[in-house]
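**Student:** Just a sequence and a predicted model for now, questions to come.
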Amino acid sequence: MESQAVSFAASRFVPIAIGFFGLGTGYFIWGGQALFGFPKTSPDVNKTLGIWGFWMPGFMQFVTGVYLLIGLTWFNVFGGVAPLYMAGLAFTAYGIHWFAMAYRRYIDASAGPDGWMAIAFLFLSILGVDVFRRAGDIPVMIIFVGLALIYAVEIPTRLFSWSPGARLVGLFQVATGIWLMYCTYAITVNLALGARAWV
């Protein structure tokens, strides 16, 4: 018997809007609370923030990342679009990191060690800026610029208890969340209607 190779049809329906929407929602919720101080921090508010952080930026990014990496490596359904590998890496890593942050917030544990985490995620964000700049995908590069700013401020905020940092992180999260919502809109319009919506 001869073995038969199974192949799947190429798909242009890359699932990145799912990850963008999840992260954008998380940044509105966490960033809005940090920037405006509303609702006021309390154990109940932290639990609610933890729940939202787990499901929206956590789960939605993780699913997107795994979907992308499997589609690129096992089934080759995305046409070998190399920058999608960076997207798969980022969505998976950021999703898992949101699981950890959400649980930490839910149980009201210390945020101090997040400063060390932010060093690694600053590196990942800078890597994303470089990859998408070289690929000529400026809208996605801008997302990674926002992420880099968030983690650059998280480092001194968490490690050295830099008090203005929490509101500055919230500002960068809300601004990046707005851009993520635009990117969600643009990608969805591009794929669902065949219209060009990028800037």
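**Tutor:** Yes, it's here. Residues are numbered from 1 along each chain as shown.

**Student:** Pull the contacting residues for residue 158.
**Tutor:** For residue 158, the contacting residues are 111, 112, 113, 114, 115, 118, 165, by CB atoms under 8 Å, 6 or more residues apart in numbering. Placement of C-beta: from N, CA and C, glycine included.

**Student:** Can you point out the buried residues in the helix ranked longest in the chain?
**Tutor:** In the chain, with assignment by DSSP state H, the single longest helix is helix 163-193. Counting neighbours by 16 or more other CB atoms under 10 Å, one finds that the buried residues in helix 163-193 are 165-177, 179-184, 186-187, 191.

**Student:** Mark which of the contacts of residue 158 are part of helices, please.
**Tutor:** Reading helices off these with DSSP H, I get 114, 115, 118, 165.

**Student:** any idea which helix or strand carries the residue nearest the centre of the chain?
**Tutor:** When CA atoms, centre = their mean is applied to the chain, the residue found nearest the centroid is residue 23 (4.7 Å). Applying DSSP states H and E as the criterion places residue 23 in helix 16-36.

**Student:** now swap in residue 154 and tell me
**Tutor:** Here residue 154 sits within helix 138-159, counting by DSSP H and E.

**Student:** average model confidence for that helix?
**Tutor:** Throughout helix 138-159, pLDDT has a mean value of 98.

**Student:** now swap in stretch 90-100 and tell me
**Tutor:** 98.

**Student:** who touches it?
**Tutor:** Residues outside stretch 90-100 that contact it (CB under 8 Å, 6+ apart): 16, 19, 23, 26, 53-54, 57-66, 68-69, 117, 121, 124, 128, 144, 147.

**Student:** And for stretch 115-123?
**Tutor:** Residues from elsewhere that reach stretch 115-123 (CB under 8 Å, 6+ apart): 93-94, 97, 100, 147-148, 151-152, 154-160.

**Student:** just the buried members of these?
**Tutor:** For the contacts of stretch 115-123, a burial check counting by 16+ other CB under 10 Å picks out 93, 94, 97, 147, 148, 151, 152, 154, 155, 157, 158, 159.

**Student:** So for the helix or strand harbouring the second one, what gets flagged as buried?
**Tutor:** This points to residue 94. According to DSSP H and E, residue 94 maps onto helix 83-106. Buried residues in helix 83-106, counted by 16+ other CB under 10 Å: 84-95, 97-99, 101-102, 104-106.

**Student:** can you check stretch 23-36 too?
**Tutor:** Neighbour counts over stretch 23-36 (16+ other CB under 10 Å) mark 23-35 as buried.

**Student:** Against residue 92, how distant is the residue lying closest to residue 158 once chain neighbours are set aside?
**Tutor:** Leaving aside its sequence neighbours, residue 158 sits nearest to residue 115 (CB to CB, 6 or more residues apart in numbering; 3.2 Å). Counting by CB to CB, to the nearest Å, the separation of residue 115 from residue 92 is 22 Å.

**Student:** try residue 107
**Tutor:** 24 Å.

**Student:** and what of residue 131?
**Tutor:** Distance, residue 131 to residue 92, by CB to CB: 15 Å.
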